[in-house]
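**Student:** Quick check, what structure comes out for this input:
(chains A and B)
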Amino acid sequence: MPDELDKKIIGFFQKDIPLEPMPYKIVADQLGVSEDEVLSRIREMITSGVIRRLGATLFHQEAGLKANAMVAWLIPEEEIDEIGNIMAGFREVTHCYHRRPQRDWRYNLFTMIHGDTREECNEMARKMSERTGMKDYSILFSEKEFKKSSMEYY
Amino acid sequence: MDPTDKNILNEIQSGFPVTSRPFLEIGNRLGLSEDEVIVRIRRLKEDGIIRRIGGNFNSKKLGFTSTLCAAKVPEEKIVGFVEVVNGYIGVTHNYLRKNAYNIWFTFIAPDIASIEAALKEIALKTGVNDILNLPAEKMYKIKVDFEV
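**Tutor:** Numbers count the residues shown, from 1 in each chain, chains lettered A, B, ... in the order given. Here you go, the predicted structure:
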């Protein structure tokens, strides 16, 4: 678990790092610690997996990926790990999660796929279906983005 | 975007240098000056290509919990529902999708109880009662950088 200094550092890096030659030094000065301390804390958080990734996040639409779809699958529970791992192996799949079905929602495996066109996403889902033998699925395209932000933890 | 911009983007999406002068290091890798790297990155942000440069955190490892929620919202209630839902800081993604469950949003919070409480509050405020809370049982993949 992060200590107080980690939380303060996270408070900076959950937002934008300064686009200046020495960004870590700027953060360190504001926190009243050394630049080395900030650098080593960040390295530790990367090693421990607290920081999943450090770098630029793009507006995907503008970066050339135009169609985003959530494909929800009905997978027999006893096969879910095997199928989940196969689905995760597709390059176009960015997220793959097992979730428990609820009420009238039947699907238990969720994959996010991205492509240039909807047709490409449809084709990708068809390939995933063929590869896994799973035929019961539903493609839900993103029709509109209402919010996309980064979590502010501290 | 020219090829140099693309090289920079591919270089800085993951593995942003954790060294005193990260832009100098990126410049060295690509044969550019530190200054040119900074100027180009600033422009890519202004042009709306780069959303943010910073950390992406594993919420679980910070002790937070996250979930995916889906709601059945009648057409005429969508605007109001989205306004209420997006008002929560823990709601980080929210999309309209074509399905009986037409509004899909992610929710991050310190614990599951605060998410459940928020969902009750949302239902109360909006009159939308069909909201599913679908926490992940298992994650098989999360990939967040794209080759451009």
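
**Student:** only C-alpha atoms for contact and neighbour calcs from this point on.
**Tutor:** Will do.

**Student:** low-scoring pLDDT stretches of chain B, where are they?
**Tutor:** Low-confidence segments of chain B (pLDDT under 70): B:144-148.

**Student:** For it, which segments count as helices?
**Tutor:** B:3-12, B:22-30, B:34-46, B:78-86, B:112-126 (DSSP state H).

**Student:** Dump those helices to CSV, plus distance to chain A and mean neighbour count.
**Tutor:** Below are these laid out as CSV (distance: least, C-alpha to the nearest C-alpha, whole Å; neighbours: other C-alpha atoms under 10 Å in any protein chain shown):
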stretch, distance to chain A, mean neighbour count
helix B:3-12, 5, 17
helix B:22-30, 6, 18
helix B:34-46, 6, 16
helix B:78-86, 7, 16
helix B:112-126, 14, 15
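
**Student:** Quick one: closest of those to B:N58.
**Tutor:** helix B:112-126 (16.1 Å; C-alpha to C-alpha).

**Student:** how about the closest one as CSV, C-alpha atoms only?
**Tutor:** This file holds the C-alpha atoms of helix B:112-126, laid out as CSV (Å, rounded to 0.1, in the frame of the first residue of the first chain):
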residue,chain,number,x,y,z
ILE,B,112,-17.4,-1.8,-3.0
ALA,B,113,-19.8,-0.4,-0.4
SER,B,114,-19.3,3.2,-1.7
ILE,B,115,-20.0,2.0,-5.2
GLU,B,116,-23.2,0.3,-4.1
ALA,B,117,-24.3,3.4,-2.2
ALA,B,118,-23.6,5.5,-5.2
LEU,B,119,-25.6,3.3,-7.5
LYS,B,120,-28.5,3.5,-5.1
GLU,B,121,-28.2,7.2,-5.0
ILE,B,122,-28.1,7.3,-8.8
ALA,B,123,-31.3,5.2,-9.0
LEU,B,124,-33.0,7.5,-6.5
LYS,B,125,-32.0,10.7,-8.3
THR,B,126,-32.8,9.5,-11.8
